[in-house]
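Student: no sequence on this one, just coordinates:
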């Protein structure tokens, strides 16, 4: 699977999880907690492979416009992972505040996905040849596998990644 296919697959998975989270009610405390843990785990693996492997290759292959998009994407990751998600973890799952924060997280991530799939990926396809995208995809898949295994290990020990 090439890098862009892998990232699009991740996007769909996270969007589906966020949609499920947004459809829960304040009575679904256990399900909300499970979903937010899963979302955090999947997002961490996804943003890490983008930041460590895909974005640097994209930035290196491009010019000023790609550098600008690179930094914007990093900031969007930071906003979701370091600001909104930790606040969501601190919020009681049975509250309306949780619903509001979950909606903000969903909208933030959906906006980020639209920009990546609408602009960044199209540019990446022009800047990087098929062999490079394939090689990046293989490296990203391997790294993602490691990150997901680490997350499962931490989860098994009762630790959260936040």
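Tutor: On my side now, so go ahead. Remember, it's a predicted structure, so these values are computed and weren't measured experimentally.

Student: buried ones in the longest helix along the chain?
Tutor: In the chain, taking DSSP state H as the definition, the longest helix is helix 130-156. Residues 133, 135-137, 139-140, 144, 147, 151 are the ones in helix 130-156 that count as buried (16 or more other C-beta atoms under 10 Å). All C-beta spots, glycine's among them, are computed from the backbone N, C-alpha and C.

Student: who touches the residue nearest in space to the middle of the chain in this structure?
Tutor: Residue closest to the mean C-alpha point of the chain, counted by C-alpha atoms, centre = their mean, is residue 43 at 3.5 Å. By C-beta atoms under 8 Å, 6 or more residues apart in numbering, residue 43 lies in contact with 14, 80-81, 85, 109.

Student: So of the buried residues of helix 130-156, which two are at opposite extremes in space?
Tutor: 133 and 151 (25.8 Å; C-beta to C-beta).

Student: by contact count, what packs against the lowest-mean-pLDDT helix or strand in the chain?
Tutor: Counting by mean pLDDT, DSSP states H and E, the chain has its least confident helix or strand at helix 130-156, which shows a mean of 90. Where contact means 3 or more C-beta pairs under 8 Å, 6 or more residues apart in numbering; DSSP states H and E, helix 130-156 is packed against helix 3-23, helix 29-49.

Student: The first one vs helix 130-156, what angle?
Tutor: This means helix 3-23. 40 degrees (axes from the mean of the first three to the mean of the last three C-alpha atoms, to 10 degrees).

Student: what's the closest non-adjacent residue to the most far-flung residue of the chain relative to its centre?
Tutor: Most distant residue from the mean C-alpha position of the chain: residue 27, 26.6 Å away (C-alpha atoms, centre = their mean). Spatial nearest neighbour of residue 27, chain neighbours left out: residue 94 (7.1 Å); criterion: C-beta to C-beta, 6 or more residues apart in numbering.

Student: Against residue 29, how distant is the one you found?
Tutor: Noted for residue 94: a distance of 5 Å to residue 29, by C-beta to C-beta, to the nearest Å.

Student: likewise residue 69?
Tutor: According to C-beta to C-beta, residue 69 and residue 29 sit 39 Å apart.
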